[in-house]
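just the structure for this:
(2 chains)
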Amino acid sequence: MVQVLLTLLQISCSRLIFPLFFLILLPMNLVQFERGIDHFNRGYFFEAHDILEDIWRETTGPDRLFLQGLIQVSVGFYHLFNQNYKGAVSQFTKGLTKLEPYKPSHRKVELAVFSERVLGFREQAERGLVGAVLNPDESSVPKIIYLTS
Amino acid sequence: MATMITEECINCGACEPECPNVAIYANGAGWELNGEQHAAISADFYYIVPEKCTECVGHFDKEQCAAVCPVDCCVPDPNHVESEEELFARAKALHPTREFPELSAETSHFRKVG
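Numbering: from 1, shown residues only, chains lettered A, B, ... in the order given. Now for the predicted structure:
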């Protein structure tokens, strides 16, 4: 098995095949992205941030800030549900600012309604910051959805 | 000014290995300078020791912790405002055996244009 992989790697490193090697890797990142979104949608905000962060590190170009915006919104929810309201307000603000230029959608991810609903949670966190007792409803956290058309 | 980590930190640890001065420590871990051990500055999230931070002056054109932080929580510390000269002197003190070339735009964010 190892030998087969080494042989494949050698073949991939040849001039002709090398670009194809990267094309094969590309969907891997998208798979990871979808995994991150899935974790977010299931309420695993720390894990979602972790997965998206790994992709963010390797990403350059226009997707980079989009990914970082989603990371920061994920971290915002993580802080919110851990009563770190200062951290939540700041992360929601930074994340929404980064996502703003990508609205209404990017890579088929819906962002306009999503951002509006995140804004509602930021307002909750702001109330928590000034001493309000919060009981944020995890089930009402907006899902990250893909547009079909 | 030294760089600090805010309460937005999610303890991912991305910043720690990037620091050229070993000024970043995990929450709860004590810090060391010249063989002396000190108590942790933060129990909740990663922290930067101001006495060891040079804002990457002498090493890089920007703060490496800030560059890799996904949540943008490595920010200038308003309580530790220092000049480029002071920070460069600290870099030399922290790395006594290293020869530092004259500062340039590649080794000091103070010299970056724009």
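
mind listing the strands for the chain?
Went with chain A since none was named. A:105-106, A:109-110 (DSSP state E).

not quite, go with chain B.
B:3-5, B:24-25, B:31-33, B:36-38, B:47-48, B:74-76.

tell me how many other residues crowd residue B:106.
For residue B:106, the count of nearby residues is 11 (other CB atoms under 10 Å in any protein chain shown). Every C-beta, even on glycine, is put in place using the N, C-alpha and C of the backbone.

low-confidence bits of chain A, can you list those?
Low-confidence segments of chain A (pLDDT under 70): A:1-28.

let's see that with 90 instead.
By pLDDT under 90, the low-scoring segments of chain A are A:1-31, A:58-62, A:148-149.

how about the residues of it near chain B?
Contact residues (CB under 8 Å from any CB of the partner chain) of chain A with chain B: A:46, A:49-50, A:53, A:56-57, A:68, A:71-72, A:75, A:78-79, A:84, A:86-87, A:90-91, A:94.

which of the residues you listed are buried?
Neighbour-count burial (16 or more other CB atoms under 10 Å in any protein chain shown) is assigned, among those, to A:46, A:49-50, A:53, A:56, A:68, A:71-72, A:75, A:78-79, A:84, A:87, A:90-91, A:94.

which two of those residues have the greatest separation?
Farthest-apart pair in these is A:56 and A:84; separation 21.4 Å (CB to CB).

dump the residue contacts of the spatially most central residue of chain B.
Closest to where the C-alpha atoms of chain B average out (CA atoms, centre = their mean) is residue B:53, at 3.4 Å. The neighbours of residue B:53, taking CB atoms under 8 Å, 6 or more residues apart in numbering or on different chains as the test, are B:2, B:3, B:19, B:21, B:23, B:80, B:90.

is it possible to get a markdown table of those residues that adds distance to chain A and neighbour count?
Output for the contacts of residue B:53, formatted as a markdown table (distance: CB to the nearest CB, whole Å; neighbours: other CB atoms under 10 Å in any protein chain shown):
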| residue | distance to chain A | neighbour count |
| --- | --- | --- |
| B:2 | 20 | 22 |
| B:3 | 16 | 23 |
| B:19 | 17 | 22 |
| B:21 | 22 | 21 |
| B:23 | 21 | 24 |
| B:80 | 20 | 15 |
| B:90 | 29 | 22 |
